[in-house]
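# Test case, fold it:
(chains A and B)
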2 protein chains.
Amino acid sequence: MSKLQRTQNRGGEEKILVREELFKPWPKARHRVQGCLRWVKRQLFRVGEDWYFLFALGVIMALLSFSMDFTVSKLQNAHRWLYQELGGHLLLKYLSWTVYPIALTAFSTGFAQSITPHSGGSGIPELKTILTGVILEEYLTIKNFGAKVVGLTCTLAAGSTIFLGKVGPFVHLSSMIAAYLGRMRTSVMGDYENKSKQYEMLVAAAAVGVSTVFGAPISGVLFSVEVMSSHFAVRDYWRGFFAATCGAFMFRLLAVFNSEQETITALFKTNFKVDFPFDLPETFIFMLLGALCGAISCAYLFCQRWLLGYVRRNWLTAKLLATDKAVYSALVALLLASITFPPGLGHFLASRLTMKDLLTSLFDNRTWSLLSQNASLERPPQVDPDNLWLEWWDPTFTIFGTLLFFIVMKFWMLILATTMPMPAGYFMPVFLYGAAVGRLIGEIVAYLFPTGISSDGVINPIIPGGYALAGAAAFSGAVTHTLSTALLVFEATGQIAHILPVILAVLVANAIAQKFQPSFYDGTIIVKKLPYLPRIRSRHISSYKVTTEQFMRTDITVLAKDSNFKDVLKVMTSTEALEYPVVENRESMILVGTVKRLELILFLQTHDAQPQDNQTKKLLEGNLSEDCTIDPVTLQLSIWTSLHQAHNLFELLSLQCAFVTSSGRIVGCVTRNELRTAIEDLANPRNPK
Amino acid sequence: MSKLQRTQNRGGEEKILVREELFKPWPKARHRVQGCLRWVKRQLFRVGEDWYFLFALGVIMALLSFSMDFTVSKLQNAHRWLYQELGGHLLLKYLSWTVYPIALTAFSTGFAQSITPHSGGSGIPELKTILTGVILEEYLTIKNFGAKVVGLTCTLAAGSTIFLGKVGPFVHLSSMIAAYLGRMRTSVMGDYENKSKQYEMLVAAAAVGVSTVFGAPISGVLFSVEVMSSHFAVRDYWRGFFAATCGAFMFRLLAVFNSEQETITALFKTNFKVDFPFDLPETFIFMLLGALCGAISCAYLFCQRWLLGYVRRNWLTAKLLATDKAVYSALVALLLASITFPPGLGHFLASRLTMKDLLTSLFDNRTWSLLSQNASLERPPQVDPDNLWLEWWDPTFTIFGTLLFFIVMKFWMLILATTMPMPAGYFMPVFLYGAAVGRLIGEIVAYLFPTGISSDGVINPIIPGGYALAGAAAFSGAVTHTLSTALLVFEATGQIAHILPVILAVLVANAIAQKFQPSFYDGTIIVKKLPYLPRIRSRHISSYKVTTEQFMRTDITVLAKDSNFKDVLKVMTSTEALEYPVVENRESMILVGTVKRLELILFLQTHDAQPQDNQTKKLLEGNLSEDCTIDPVTLQLSIWTSLHQAHNLFELLSLQCAFVTSSGRIVGCVTRNELRTAIEDLANPRNPK
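Numbers count the residues shown, from 1 in each chain, chains lettered A, B, ... in the order given. Below you'll find the model as predicted:
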């Protein structure tokens, strides 16, 4: 076009018209099409409307989740095939069993860490920190994406040997996509409403991440709400809901297109009897199961946090983690793979099952203790998809023995696996572990009451699968401090008959876990020393009595409104703050606004530019209020504001720093650090005031 | 004890000891018991911990819900019995059919209105207003409780003739109980944390109200969150979850104890085939159903709001509603009952079914169009509980005809019923109406595709009950602008197989309804002229451009810090504000705090007390900053704050009024009124600036 226009300028009009007609026929049709396209663009890219971005986010993540599942299952089949083909050579079998996960985890660690150190771990703790308003640079850049996808695929392909999942990384991946889409959106439409929109997109992204893993939109949204933030806008919830539904729908749709399923159904479809799902007295057993899961989760959280700290302190592991992360991963994988070697201890750990098979087997609607009374049972040479439970069966150990052994061994194996610095999720293993605990209790109850608990003639056998559901929900809920896992099990299994006992179990487990331990994600934030604002427990009633005056920082540097070059220079060199309060004058100290460090640097540069000039004196006399933008202070605390109120405001408004005034005079400032110290003092009054 | 102590003071120690031993034996045991009681009291009434209040709230509401259901069913049985016994006397039958609901609704209206005018209607709009920080006095006092309970029981006993439900009033009742418990708590433990705790209790109460009606804890919480507030704290969500679970569990437990059910199951238990719940192409039909429900909901909301306004404008109805509310209710009930008279038009409206029967029949797992091909059918003289669908069947009209007739007639009958000024809920009828719409579409689809949609040999018949689920969720979701109804249908029916299509239908319906109409509750708030802050739609991008300066009120009355008696008197007589800004002095106008009107009145009284005294002059000279409490200003807006930000802050912090400052100087103030006008101007730029 520009070429033509240039020709137009040189040549005559007629010539151009001819040329245009030659090169671009049907001008009317073209105009109409162009008009249509403009209309579509106007409709789609209308400022403020971004449903299509949420839709795209859901669809992209569903495609990713599905193709990752597909690749992982192919890789696992290859491993299984290799292992089967080796026949009776025990050493070769051992090598093939161990080398495969070792290679995968070492590659996963090495590849991900070589691209970016941010791609390790789950990603949820960091995202949670970002959502509180802290800027973690580089964390959401798209270059992490490839590292995390490849790394995670390898981690998952290592299967139940390594025993890790994909929920956390998917939340991270989803938020990277969301941040990328957000930047794209900004580049198209300018940066209105940038910050709040970005926040909204990230919240929706977290929901999409969870929902595309389990195909569970509602609990995806709720889980992300509970894990990510302390306050939530209903608007964000709706947007998350929309995106998560698109994601979950597309994820299940792909399974139908791939002929895995006839129609859209749940991921781990169960087949429980729903006429009489559980007897009334069983409710108490469900609550006891919840208490047990809560207790185990406390132990798990404590040990996990301790080990995570220990491997950073111990000289050997610390050195390995600092320089040879891949070697560390390989060593851990060697240990885990050796233990799960099927002809060895793995025989009692159902280690031939994949993660998905494990979960499906635990949610089985049959009662294993009844099935195992059949004497002619034998474990098949290959996993039988219709009788997955046989992998749990051993004639001498019985299913109770294997389940208990699984629970004991996986406890420390899982904790060990979480120290590996590669992209991996920690929700799925916890979920599975809880299902095993529940299954064990369920089988015991079914064994003790073969005809059901009520003794009024009618036989209503116990369904141990229901306990597995409750255990999975309660344990994963306790570890992550969420209640929405209660809904997740129903969305994932497609049956909701056990809803009330499962919720009760989750509530009991959460009550115990929240009382004694920070959640898995908060624990990681603490260990990783990310900025963290602990929550005020309701028993710390003194948070209403402690006032801002008692914990605020009083050594603040202020700038007067009429500060000149020298004053600014003095203040700038003495402190490193990003923002300075501006006062009316140094006598009254009345706060009128704040000024950014960047603005001050600019101020210094312009006034320092031409010292030899005639204007030097004038420049030196130029003052702050004339030459700098003084930002207004929207929120200020008073000296009587209680700790509770201040904490609430910081959380609600994602504040990083607030100034304290008394009758308009600035007297101090409060940052997240002061708040945190004050809250910690509530719990352990080290220096009572 | 006090008597004894007085004796002790007069007499000797020894005498007392003897008397104590005489009157109170086993001092050691008593001491131990007292110690235990003190410990229990300390544990239970520990400040900050109020789980037991939430528990009590859930249990009380469950008991209330169950006993109300019980009473209502007895009353309805009595009516049914009377109607049956009258045999062939058509006039007597007509009288018994109409007089019963007329008497009940007239009594309900008269009784409730005579005790308190606040007890009419649903209660949710008012509670929503309270939760934004507006104080509606008397609205949560316990004296409303009796009026609402008795009135609601009568309304419900009038049954499907009047076609009203109980969700809204239960939310109101629950919040009254919560407010009462809150006051009890304050009286025991002092008024720490009073305001925020009260808010928390009210939020939990709303969840309990919904969950004890449907026995659905999770969707109860979500529904209350979506309806009540624009932001919520995860902490409140947890507390609501706990209370709602206690309520739902107790509610279902009572049904078991009353031998209605063998064990705890869903309220409207369905029995759909879950192996193949729906075929993939059906998803589109579900979405079309969602669009249809969205369109009908827009018409419904518009007509409902119009009629509610019309009956207040029309001189006859307005006069009736002003003076003889009971007569108005009776007249409406007469009209509705005449139409639903079973031998008349009621024959085509399934009017012999109760609300619960109606819903159960619509969620039937059988296909009516298939069943009705059996020629030997006849409608039984009494309702057959196993074949409720026969009430929908007419040989000439066919089930399609009756369903369509039901949908057309109930549309205006329901709208008319909502104008009756008695305690009644409007969620259940909307839910039922949506189920009928869904059932009609489902039956049509089943009729068009008798062997299922996919044509690959396998017969997978359509389940019209699934469409009824989707219709109920979509229509009720669209009317109330909530998504959690999608979950509600599954919790209420105990089957979750249709989750994805139902969510899609709800999303589509909500998208349409939210685009064109305010929600049912917002509409009522608008009609009732309660304080209301409209939300800013994302297409109103200019909300980022409009600054506070453009819409703030500038005619503010300020008090200087050193104001004396005369200044204060002058200000107080000139305006009626509840709070006045205090400035450093009238020249600088720098905002230092606010002072309450009550404080000022006290100030005037003390300084005006002894005019004849020597101290008069001194008193007149006493100034504001010395003798009044000046409250600090936590939040202030700047003139550059955008409308969007200001709106967000008002919603987040439940503000009623905020001052606007520029470099510390007060320049204006913004209340909810100014915000509302500014937001309305965005939509209809009447006076563009």
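# how many other residues sit next to A:Arg305?
The burial count assigned to A:Arg305 is 19, neighbours taken as other C-beta atoms under 10 Å in any protein chain shown. C-beta: built from backbone N, CA, C; applies to glycine.
# now A:Pro531
Each residue near A:Pro531 was counted by other C-beta under 10 Å, and the total is 15.
# May I ask which helix or strand encompasses A:Ala205?
According to DSSP states H and E, A:Ala205 maps onto helix A:194-214.
# sec struct for A:Leu533, please.
coil (DSSP: H, G, I helix; E, B strand; the rest coil).
# again with A:Val660
Following three-state DSSP, we place A:Val660 in the strand state.
# For chain A, just list every one of the strands.
Assigned by DSSP state E, chain A shows strands spanning A:231-233, A:559-560, A:579-583, A:591-596, A:636-638, A:657-662, A:665-671.
# I'd like those strands as TSV, with mean neighbour count, distance to chain B and mean pLDDT appended.
Listed next are those as TSV, based on neighbours: other C-beta atoms under 10 Å in any protein chain shown; distance: least, C-beta to the nearest C-beta, whole Å; pLDDT from 0 to 100:
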stretch	mean neighbour count	distance to chain B	mean pLDDT
strand A:231-233	20	5	85
strand A:559-560	22	13	86
strand A:579-583	22	9	86
strand A:591-596	21	4	85
strand A:636-638	23	3	82
strand A:657-662	22	7	86
strand A:665-671	20	8	88
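# Is A:Asp562 in contact with A:Ile630, as I believe?
No: taking contacts as C-beta atoms under 8 Å, A:Asp562 lies outside contact range of A:Ile630: 11.8 Å.
# Now A:Arg379: closest residue in space, sequence neighbours ignored.
The spatially closest residue to A:Arg379, leaving aside those adjacent along the chain, is A:Leu390, at 5.4 Å (C-beta to C-beta, 6 or more residues apart in numbering or on different chains).
# which residues does that neighbour contact?
Applying C-beta atoms under 8 Å, 6 or more residues apart in numbering or on different chains, we find A:Leu390 in contact with A:Leu377, A:Arg379, A:Pro380, A:Asp384.
# still on that earlier bit, tell me which residues of the helix holding A:Ala205 are tucked away?
Under the neighbour-count criterion of 16 or more other C-beta atoms under 10 Å in any protein chain shown, helix A:194-214 has A:197-214 buried.
# in the stretch 401-550 of chain A, which ranges drop under the pLDDT threshold?
Within the stretch 401-550 of chain A, the set of residues satisfying pLDDT under 70 comprises A:455-456, A:538-539.
# do that again at 80, thanks
In the prediction, the stretch 401-550 of chain A carries residues with pLDDT under 80 at positions A:454-458, A:536-544.
# Quick check: residues of it near chain B?
Of all the residues in the stretch 401-550 of chain A, those in contact range of chain B (C-beta under 8 Å from any C-beta of the partner chain) are A:460, A:483, A:486-487, A:490-491, A:494-497, A:499-501, A:503-504, A:507, A:510, A:535, A:537-541, A:544.
# which of the residues you listed are buried?
The neighbour-count test (16+ other C-beta under 10 Å) applied to these identifies A:460, A:483, A:486-487, A:490-491, A:494-497, A:499-501, A:503-504, A:507, A:510, A:535, A:538, A:540-541, A:544 as buried.
# For ChimeraX, write the select line for the buried members of the contacts of A:Leu390.
Written as a ChimeraX command, the selection of buried residues from the contacts of A:Leu390, which uses 16+ other C-beta under 10 Å, is:
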select /A:379
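# out of the contacts of A:Leu390, who's nearest A:Ala436?
The shortest separation between A:Ala436 and any of those is 18.4 Å, and it belongs to A:Arg379 (by C-beta to C-beta).
# any idea how far the closest one is from chain B?
Going from A:Arg379 to chain B by C-beta to the nearest C-beta, to the nearest Å gives 29 Å.
# Counting only helices, which of the buried ones among the residues of the stretch 401-550 of chain A next to chain B make the cut?
If you go by DSSP state H, these have A:Ala486, A:Leu487, A:Phe490, A:Glu491, A:Ile499, A:Leu500, A:Pro501, A:Ile503, A:Leu504, A:Leu507, A:Asn510 in helices.
# residues touching the second one, list them.
For A:Leu487, the contacting residues are A:Ala216, A:Ile218, A:Ser219, A:Leu222, B:Ile218, B:Leu487, taking C-beta under 8 Å, 6+ apart as the criterion.
# Now for those: which two are most distant?
Of all pairs in the contacts of A:Leu487, the most separated under C-beta to C-beta is A:Ala216 and B:Ile218 at 12.8 Å.
# residues making contact with stretch A:330-340?
Outside stretch A:330-340, the residues within contact range by C-beta under 8 Å, 6+ apart are A:94, A:97-98, A:101-102, A:104-106, A:158, A:160-163, A:320, A:344-346, A:349, A:351, A:409, A:413, A:416-417, A:419-420.
# Would you mind checking those residues for buried ones?
If you count burial by 16+ other C-beta under 10 Å, the buried members of those come out as A:94, A:97-98, A:101-102, A:104-106, A:158, A:160-163, A:320, A:346, A:349, A:351, A:409, A:413, A:416-417, A:419-420.
# between the strands of chain A, which gets nearest to B:Arg672?
B:Arg672 lies closest to strand A:231-233 among the strands of chain A, at 18.4 Å (C-beta to C-beta).
# So what's the gap between that closest one and the chain middle?
17 Å (C-alpha atoms, centre = their mean, to the nearest Å).
# Reformat the strands of chain A as CSV; add distance to A:Leu289.
As requested, the strands of chain A are exported to CSV (distance: least, C-beta to C-beta, whole Å):
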stretch, distance to A:Leu289
strand A:231-233, 30
strand A:559-560, 61
strand A:579-583, 52
strand A:591-596, 54
strand A:636-638, 46
strand A:657-662, 45
strand A:665-671, 43
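# wait, which of the ones you listed is closest to B:Thr360?
B:Thr360 lies closest to strand A:231-233 among the strands of chain A, at 35.5 Å (C-beta to C-beta).
# A:Leu643 and A:Thr548: what is the separation?
From A:Leu643 over to A:Thr548 the distance is 7 Å, taken as C-beta to C-beta, to the nearest Å.
# how about stretch A:124-135: buried residues?
In stretch A:124-135, residues buried by neighbour count (16+ other C-beta under 10 Å) are A:Ile124, A:Pro125, A:Glu126, A:Leu127, A:Lys128, A:Thr129, A:Ile130, A:Leu131, A:Thr132, A:Gly133, A:Val134.
# Restricted to helices, list the residues you listed.
A:Ile124, A:Pro125, A:Glu126, A:Leu127, A:Lys128, A:Thr129, A:Ile130, A:Leu131.
# Can you report the mean pLDDT over the residues of the longest helix seen in chain A?
Here the longest helix in chain A is taken by residue count, with DSSP H as the criterion, and it is helix A:51-85. For helix A:51-85, mean pLDDT is 92.
# quick check: domain ranges of chain A?
Chain A breaks down by automatic domain parsing into domains covering A:2-44, A:51-257, A:541-683.
# Regarding the longest one, how distant is the last residue from the first?
I take that to be domain A:51-257. 25 Å (C-alpha to C-alpha, to the nearest Å).
# Please apply the same query to the last one.
Domain A:541-683 has an end-to-end distance of 11 Å (C-alpha to C-alpha).
# how distant is it from the center of its chain?
Chain-centre distance of domain A:541-683: 34 Å, with C-alpha atoms, centre = their mean.
# picking up where we left off before, A:Ser65: which of the contacts of A:Leu390 is nearest?
The nearest member of the contacts of A:Leu390 to A:Ser65, counting by C-beta to C-beta, is A:Asp384 at 27.6 Å.
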